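Asker: Model the structure of this input:
(chains A, B, C and D)
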2 protein chains.
Amino acid sequence: MGASLRDIARLAGVSVKTVSNVVNGYAHVSPATRAKVEEALSRLDYRPNLSARNLRQGRTGVIALALPELDAPYFAELSRFVIDAAAELRWLVVIEQTDGRLERERRILDGVRDHRVDGVILSPIAIGADELAARTDATALVLLGERIHDGPADHVAIDNVRAARDVTEHLIGLGRTRVAALGAEDNAASGTAPLRLAGYREAMAAHGLPETVATVERYRRDQGAAAMAALLGRAEPPDAVFCFNDLLALGAMRTLLSSGLRVPEDVALAGLDDIEDGRFSTPTLTTVAPDKAELARIAVDLLKQRIEGPADHPPKEVGAGYRLVVRESTLGR
Amino acid sequence: MGASLRDIARLAGVSVKTVSNVVNGYAHVSPATRAKVEEALSRLDYRPNLSARNLRQGRTGVIALALPELDAPYFAELSRFVIDAAAELRWLVVIEQTDGRLERERRILDGVRDHRVDGVILSPIAIGADELAARTDATALVLLGERIHDGPADHVAIDNVRAARDVTEHLIGLGRTRVAALGAEDNAASGTAPLRLAGYREAMAAHGLPETVATVERYRRDQGAAAMAALLGRAEPPDAVFCFNDLLALGAMRTLLSSGLRVPEDVALAGLDDIEDGRFSTPTLTTVAPDKAELARIAVDLLKQRIEGPADHPPKEVGAGYRLVVRESTLGR
DNA sequence: CAACGTTGTTTCAACGTTGTAAACAGGGGC
DNA sequence: GCCCCTGTTTACAACGTTGAAACAACGTTG
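Answerer: Take a look at the predicted model:
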């Protein structure tokens, strides 16, 4: 067991509280005492017991990051930034995986498996705005990557509608006319899928082009591959596809290439997320790059305000930046 | 703030300790009392305060998983399994990123940023066996993915030497004679790189073939791409490459394809890790698939034994299974 | 019926920390 | 010599929890 304040106090011949004062940088400590205490501190390699400190202060210094799945590259990359942003506040991050399942998301909202955490950053998939509003748990909450307008909790996200419109416009700008959307979800009332679909539709409508929509159940490569195969089976296969995320796009790319089609010559392909895989695939993948560091920083920031701020200020919605990154899958070499 | 045992006790008209007994499933509590208490518990939505419990018990129910980087797919996939395995013990997992930097790994070994955790699973990159042996911190430690024989801490890993030999044998078995290794590290005394290199050498020596070794600094796609470019610049470019992990292989594949070479016709390519990307790349990637779920389960298991077991049993080394997965990058369609 | 074990419950102290308030020392000013 | 002020240090209590020990009520046993 590590040394406690008491051990230091004994060694330095002062009271426990004086040691505590030194540790916390309290101003009114005489230089002589401070020196004595610091000597003792380093001699016994003192490390504060956070359990005790937190018990006393009512904080744990731990937040939870609840994601659908850590092994989806977008979330892994995002997690890195969230952990880094939290580290600056000396917070630790525990990761919870919901698998996008409703009952797991619910359980997160009710408390992270009975542990107390100071706050939760949730990337919701299944849960709806109404259920969020009805939540009773008082733990600070920030939603990430979804944007339910006028929702019941703080939000960070990019403008999904506009981003989707931008990508679609880019594809149309290449002269493609049979532009399909890949990644809609059948029963999704909330989440990003409807927003991205809306953006696609706006762009298509603006140019008077017919819409083609392929649905998936999960945002995974295999689903992208299967949905692409389905699109190819249609009477009028697309000459461009906007996939609602990069994983879907990479799955779709695999189907296209192994069907002997060329990307982008036969079918142009674009995704959204800017995961690293897309920068090294052949061809490299055109995509929308959300500013992940900014998303993470804002999420942690909002959480900090929730945790430290006055009890209940109205929920905030903050947008993060993104940019369209054009690569070989739409431009060619 | 949440309700405490005292609040429950007051509401149920019993002592605090009785409530504690109910919460902890202590046997000798009368059904009537238990019912009363449970009613109160759920009415106030009681959640134990872990800081307090941990202060009292010296346990936190939280372990740390320290990885080089969460956004490397192998580690992201592994994390998922570690989190799942820990969840079965009702442990939470905080994730720390070392970026493979020595001083960060050191800091992890000295304690996870002053927070107390019950144990640490570390995937070491930079730190050496000697330094591990000299560690003073008493927190339970399990090393993951490296195998320092007779090292000072518990280990889990696949047999890297044998796995590397298997892959190399596979490439040689295709009839290739200029088989290169990509992924050695210049100054690595420990870690997996020397082991994989050793396996490669064994196989090459067994067939009397000349060795070609390309080094990298980090196991990332860009480094694989660059190292492959360097190999192509040599007098006798390879006709097969064993990359020490899949990311390197995917980077190398990008270089090969954009140089107009065909995989596997001109250059066969194999990796190690079996990350999902390799199952959807074009061509799909031949690789060694470590049993990640088993690795994770064993790591958590070893940690549990360390935490709960007698003070200092000798360190254990446990091997996990793997299998060679042959795909298009060595076989073709 | 007295001694004893069992079951159910409570009291007490302690884990390591810090906020509050109070004690203490030294230095002017009167 | 007394008082007040400032700077420094301390004692105490409390955060929420649980192990140890004590206690009360009961049924069993010799």
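Asker: For the stretch 1-150 of chain A, which residues are neighbours of DNA strand D?
Answerer: Proximity of the stretch 1-150 of chain A to DNA strand D is confined to A:14-18, A:21, A:26-30, A:32-34, A:52, A:55-56, A:58 under the rule Cβ under 7 Å from any atom of the strand. The C-beta positions use only the backbone N, C-alpha and C, and glycine is treated the same way.
Asker: Tell me how far the nearest residue to residue A:296 once chain neighbours are set aside lies from residue B:268.
Answerer: Nearest residue to residue A:296 in three dimensions, chain neighbours excluded: residue A:81, at 3.5 Å (Cβ to Cβ, 6 or more residues apart in numbering or on different chains). Distance, residue A:81 to residue B:268, using Cβ to Cβ, to the nearest Å: 37 Å.
Asker: Settle it for me: which of these two has more neighbours?
Answerer: More neighbours surround residue B:268 than the other of residue A:81 and residue B:268, with 24 against 20 (other Cβ atoms under 10 Å in any protein chain shown).
Asker: hang on, the more buried one packs against residue B:171?
Answerer: Yes. Proximity of residue B:268 to residue B:171 meets the contact threshold set by Cβ atoms under 8 Å, at 5.8 Å.
Asker: which residues do those two both contact?
Answerer: B:240, B:330 (Cβ atoms under 8 Å, 6 or more residues apart in numbering or on different chains).
Asker: for stretch A:324-331, the distance to its chain's centre please.
Answerer: Centre-to-centre, stretch A:324-331 and its host chain are 24 Å apart (Cα atoms, centre = their mean, to the nearest Å).
Asker: Could you do stretch A:288-301 as well?
Answerer: On Cα atoms, centre = their mean, the centre of stretch A:288-301 falls 8 Å from the chain's centre.
Asker: which residues are in contact with it?
Answerer: For stretch A:288-301, the surrounding residues in contact (Cβ under 8 Å, 6+ apart) are A:63, A:77-78, A:81-82, A:84-86, A:89, A:91, A:121, A:142, A:144-145, A:156-158, A:163, A:166-167, A:270-274, A:318, A:320-325.
Asker: number of nearby residues for residue A:119?
Answerer: Using other Cβ under 10 Å, residue A:119 has 22 neighbouring residues.
Asker: Tell me what it is bridged to.
Answerer: Beta bridges link residue A:119 to residue A:63, residue A:140 when assigned by DSSP bridges.
Asker: hey, where'd the helices end up in the stretch 51-200 of chain A?
Answerer: Per DSSP state H, counting those that start in this stretch, the stretch 51-200 of chain A carries helices over the ranges A:73-88, A:102-109, A:129-133, A:160-173, A:192-206.
Asker: So residue A:287: helix, strand or coil?
Answerer: strand (DSSP: H, G, I helix; E, B strand; the rest coil).
Asker: ok, it - how many residues close by?
Answerer: Applying other Cβ under 10 Å, we find 28 residues neighbouring residue A:287.
Asker: who's in contact with it?
Answerer: By Cβ under 8 Å, 6+ apart, the residues touching residue A:287 are A:246, A:249, A:270-274, A:278, A:324-325, A:327.
Asker: from those residues, which ones fall inside strands?
Answerer: A:270, A:324-325 (DSSP state E).
Asker: Point out the other helices and strands that the least confident helix or strand in chain A by mean pLDDT packs with.
Answerer: When the helices and strands of chain A are scored by mean pLDDT, DSSP states H and E, helix A:129-133 comes last with a mean of 80. On a contact count with 3 or more Cβ pairs under 8 Å, 6 or more residues apart in numbering or on different chains; DSSP states H and E, helix A:129-133 meets helix A:102-109.
Asker: Show the average pLDDT along the helix it packs on.
Answerer: Mean pLDDT, computed over helix A:102-109, is 85.
Asker: Please state the offset of it from the chain centre?
Answerer: Relative to the centre of its chain, helix A:102-109 is centred 17 Å away, using Cα atoms, centre = their mean.
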